[in-house]
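Engineer: Give me coordinates for this.
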Amino acid sequence: MELCRDYLPTRSYKIAEMRMGSLLGSEIDRLDKVAAKFGRTYAIGPDNLKDELPNIISFAGEYHRAYDLYLKAVLPQQEKPIQCRPACGNCCHHYPMSVEPFELISLYTELREREDFISVMEMCQSRSDLFNSLFENRLETIGSEDDAEDLALHDYFEQWRPCPFSDKKGDCGVYASRPVSCRMYFSQTDPCYCTPEHLQTERNESYIVYLPDNIEQSLVDLSEHYAGLELPESYFGGLLSLNAYEGVLG
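Structural biologist: Model (predicted):
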């Protein structure tokens, strides 16, 4: 898999980067003030999560729109056209990591209003349990957590478990609210090669669109303001952890 980090500084790229930087900078400044008000290093905790929900949901939506603008600026620079299409869903068998806390909170708030909320959480639980088991098995033989995680992620993909939010056709049921970890993954080859047996072969030409390093650092700084919630960065594990705050959100 190719990791795309460097792009030509076109006008659209500069605008998208500036918009993202300004958005994150403003939110960090706001959260700094919230943290100072509470006299602590982080802004969001169980004591003010409910009050902050409107701000968190609004910011998550703005962040996703800014990232989509960034994609429009950089994807035309790829040598080959994207082959992803509706109702494919092959990449939706991965175990997404590096999901931002504000994305988890925003999506969880949306999910808890759905009639199938309990069944969705049960599917998240089974997938989280599976990954944790695969990780522990790898860790016993390897010793390195980073290496064990990388291998466990591949092991999980081989299990071919669809995302809890994928429908029977393969479409995403939370497409507008999906995290950037899902938005950043693309394929330049036919979806039939986005499968475990082809993932690490020349037939599969997939890549990830990362943000510039300065933007990534701003995301780290912003996410530290959610330390009081102690949310894991995994997609399904993070959503499950928010169950602990049902009493706060209710």
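
Engineer: in stretch 6-20, what's buried?
Structural biologist: Across stretch 6-20, burial judged by 16 or more other C-beta atoms under 10 Å covers 7, 13, 16-17, 19-20. Placement of C-beta: from N, CA and C, glycine included.

Engineer: of these, closest to R65?
Structural biologist: R19 (9.1 Å; C-beta to C-beta).

Engineer: For that closest one, pull up the helix or strand it's in.
Structural biologist: helix 11-38 (DSSP states H and E).

Engineer: Over to L71?
Structural biologist: helix 49-74.

Engineer: Beyond that helix, next helix or strand please.
Structural biologist: Next helix or strand after helix 49-74 toward the C-terminus (DSSP H and E): helix 101-111.

Engineer: between that next one and helix 49-74, how big is the angle?
Structural biologist: Following axes from the mean of the first three to the mean of the last three C-alpha atoms, to 10 degrees, one obtains 110 degrees for the angle between helix 101-111 and helix 49-74.

Engineer: pLDDT of helix 101-111, averaged?
Structural biologist: In this model, helix 101-111 has a mean pLDDT of 98.

Engineer: In space, what's closest to I142 - neighbours in sequence excluded?
Structural biologist: A148 (4.9 Å; C-beta to C-beta, 6 or more residues apart in numbering).

Engineer: what does Y13 give?
Structural biologist: A73 (4.4 Å).

Engineer: Next: P86.
Structural biologist: Using C-beta to C-beta, 6+ apart and skipping residues adjacent in sequence, the residue nearest P86 is D171, 6.1 Å away.

Engineer: shouldn't that neighbour be in contact with R85?
Structural biologist: No. The pair D171 / R85 is not scored as a contact, 10.6 Å apart, by C-beta atoms under 8 Å.

Engineer: Can you pick out the residue with more neighbours from those two?
Structural biologist: When D171 and R85 are compared for neighbours, D171 comes out ahead with 14 against 10, by other C-beta atoms under 10 Å.

Engineer: residue contacts, that one?
Structural biologist: D171 makes contacts with 86-87, 89, as judged by C-beta atoms under 8 Å, 6 or more residues apart in numbering.

Engineer: Got a PyMOL select line for the buried ones in those?
Structural biologist: In PyMOL, this line selects whichever of these come out buried by 16+ other C-beta under 10 Å:
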select buried, resi 89
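
Engineer: Just name the lowest-scoring one in the contacts of D171, pLDDT-wise.
Structural biologist: The member of the contacts of D171 with the lowest pLDDT is A87, at 77.

Engineer: shouldn't that residue be in contact with S166?
Structural biologist: No. Between A87 and S166 there is no contact under C-beta under 8 Å: 9.6 Å.

Engineer: any idea how far the residue nearest to Y13 lies from N214?
Structural biologist: Using C-beta to C-beta, to the nearest Å, one obtains 16 Å as the distance from A73 to N214.

Engineer: So between these two, which is more surrounded?
Structural biologist: A73 (19 against 11).

Engineer: got the contact list for the more buried one?
Structural biologist: 7, 10, 12-13, 15-16.

Engineer: before we move on, back to that, if I've got this straight, the residue nearest to I142 is in a helix?
Structural biologist: Yes. Under the criterion used here (DSSP: H, G, I helix; E, B strand; the rest coil), A148 sits inside a helix.

Engineer: So what's the residue count around it?
Structural biologist: A148 has 20 nearby residues by other C-beta under 10 Å.

Engineer: Could you measure from it over to G25?
Structural biologist: Using C-beta to C-beta, A148 is found at 36 Å from G25.

Engineer: now swap in F102 and tell me
Structural biologist: Separation of F102 from G25 (C-beta to C-beta): 15 Å.
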